[in-house]
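K.L.:
Structure of the sequence below:
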Amino acid sequence: MPIAKRRLAERGQTVAELVVVIAVIAIVASIAMPGVGTGDEQAADLVAAEIAGAMRHARAESMRTGVVHGVQVDITNQNVRVYRLDKSGATPLYVYDVEHPLTHQAYAVDLVDGSLPAGSALLERQFNFEGLAETPDSLSFRGDGTPVHDAGSAEGADAWSWCWWCSAGGETGGLYMLQDAYVRIGYRDEQRKIVVEPMTGRVTVQ
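P.N.:
Sure thing, here's the model as predicted:
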């Protein structure tokens, strides 16, 4: 084969190999890289993660300290606050002085103060407990991480009401056991559900 033709064939083979290599790299990259969602999806994920983080922190603090901690989910004011149960007085109180581990401020997730994407919203809250006809807006965790509602407690600082829905039925040592719990949030057309498992207190985002 003439030298010129041989060089042309070698060049053609090299280009073909290069195309194959680039294609393989593209396939590997598409598998290895996590999927990148739209801006709306990412915003909804962020809001859900913040609320799930507040719930997980309350549960972790309960297990760390042995003191009941929980979250209050306020649909009207569009915020989630972490509290501890203070039993030092005659009536147990919800006290909202639990610090965020990074900011060291009172732990709260506010959907209208500008810290989260504008337009995000708390859409629905369902905390259902055995023996409670009404659905409270708070969810507590015992020292073992079990999700419960504490009977006979009142709000402390920034109080809003007494626990008027508490009744005798379904109560276990002053605590009502969780049947199911979730918080649904939305950002534009995207929605996420933050779910608390009844027996373990594990928090997941769906």
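
K.L.:
going forward, measure contacts and count neighbours with C-alpha atoms only.
P.N.:
Fine.

K.L.:
Can you find the helix or strand in this structure with the smallest mean pLDDT?
P.N.:
Of all helical and strand segments in the chain, the minimum by mean pLDDT, DSSP states H and E falls on strand 171-172, at a mean of 40.

K.L.:
What average pLDDT does the helix or strand following that strand get?
P.N.:
Next helix or strand after strand 171-172 toward the C-terminus (DSSP states H and E): strand 175-187. Across strand 175-187, the average pLDDT comes to 91.

K.L.:
Direction included, what does the following helix or strand past strand 175-187 pair against?
P.N.:
Toward the C-terminal end, the helix or strand that comes next after strand 175-187 (DSSP H and E) is strand 190-196. When sheet partners are counted by DSSP bridges, strand 190-196 sits next to strand 175-187 (antiparallel), strand 203-205 (antiparallel).

K.L.:
Span of stretch 72-92 from start to end?
P.N.:
16 Å (C-alpha to C-alpha, to the nearest Å).

K.L.:
quick one, what contacts the closest residue to residue 200 other than its chain neighbours?
P.N.:
Of all residues not flanking residue 200 in the chain, residue 146 sits nearest, at 5.5 Å (C-alpha to C-alpha, 6 or more residues apart in numbering). Residues near residue 146 by C-alpha atoms under 8 Å, 6 or more residues apart in numbering: 198, 199, 200, 201.
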